[in-house]
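A.B. asks: whatever this is, show me its structure:
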Amino acid sequence: MVQPQSLVSTLAIGSDHGGLALKHVLFARLRDAGVTVHDFGTDNPASVDYPDFAHAVCRAVTGGSAERGILVCGTGIGMSIAANRHPGIRCVLAHDVTTARLGREHNDGNVLALGGRILGEELAWDIVATFLATRFDGGRHERRLAKLTPA
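C.D. replies: Alright, predicted model coming up:
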């Protein structure tokens, strides 16, 4: 298991009903690791609309009350689509530690999307710990990121 050597002290987290159980596990582990975590819901298993929670987490990140965000839905796909509609958000959908690491190194991802029905708890934790501990490489990647914002 990856140990969190977090570069992040404040994190926003949110889920829909499909990601609720995994969100609770990650919230507790992050808090135990010393990260301040703001939970933007949902808080029960009733069916809800994932964009509502993605938007809340993204507003926290772009507004500066959280350094990074984590979104969890059934697959992570819906959350990543909703998150990437926000200017300044670079949401990484990761299903393994390699994509989490590269999403930070190459894309300066500031929000991580996970699939609560796809990932087991230990793998999800390893992905989160990797995402939080990895620095952006900069260099040639900065030019590419600049092209993501339309002129």
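A.B. asks: from here on, just use CA atoms for contacts and neighbour counts.
C.D. replies: Noted.
A.B. asks: identify the bridge partners of I70.
C.D. replies: In this entry, I70 is beta-bridged to I13, L112, by DSSP bridges.
A.B. asks: verify the contact between it and A113 for me.
C.D. replies: Yes - checked against C-alpha atoms under 8 Å, the pair I70 and A113 is within contact range at 5.9 Å.
A.B. asks: which parts of the chain are helices?
C.D. replies: Ranges of helices in the chain, per DSSP state H, are 20-32, 50-63, 77-83, 97-105, 121-133, 140-146.
A.B. asks: Throw the ones you listed into CSV and include distance to I13, mean pLDDT and mean neighbour count, thanks.
C.D. replies: CSV is the format used below for the helices of the chain (distance: least, C-alpha to C-alpha, whole Å; pLDDT from 0 to 100; neighbours: other C-alpha atoms under 10 Å):
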stretch, distance to I13, mean pLDDT, mean neighbour count
helix 20-32, 7, 96, 18
helix 50-63, 6, 98, 21
helix 77-83, 12, 98, 22
helix 97-105, 16, 96, 20
helix 121-133, 11, 96, 21
helix 140-146, 24, 67, 12
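A.B. asks: in a markdown table: those, plus distance to D43.
C.D. replies: Supplementary listing: these in a markdown table, determined by distance: least, C-alpha to C-alpha, whole Å:
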| stretch | distance to D43 |
| --- | --- |
| helix 20-32 | 7 |
| helix 50-63 | 11 |
| helix 77-83 | 17 |
| helix 97-105 | 26 |
| helix 121-133 | 18 |
| helix 140-146 | 35 |
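A.B. asks: out of the ones you listed, which is closest to G41?
C.D. replies: Proximity to G41 (C-alpha to C-alpha) singles out helix 50-63 among the helices of the chain, at 6.6 Å.
A.B. asks: run through who's touching the closest one.
C.D. replies: Contacts to helix 50-63, defined as C-alpha atoms under 8 Å, 6 or more residues apart in numbering, come from residues 12-16, 40-42, 66-71, 73, 78-79, 82-83, 86, 88-89, 110-111.
A.B. asks: now the buried members of those.
C.D. replies: Taking 16 or more other C-alpha atoms under 10 Å as the criterion, what is buried in the contacts of helix 50-63 is 12-16, 40-42, 66-71, 73, 78-79, 82-83, 88-89, 110-111.
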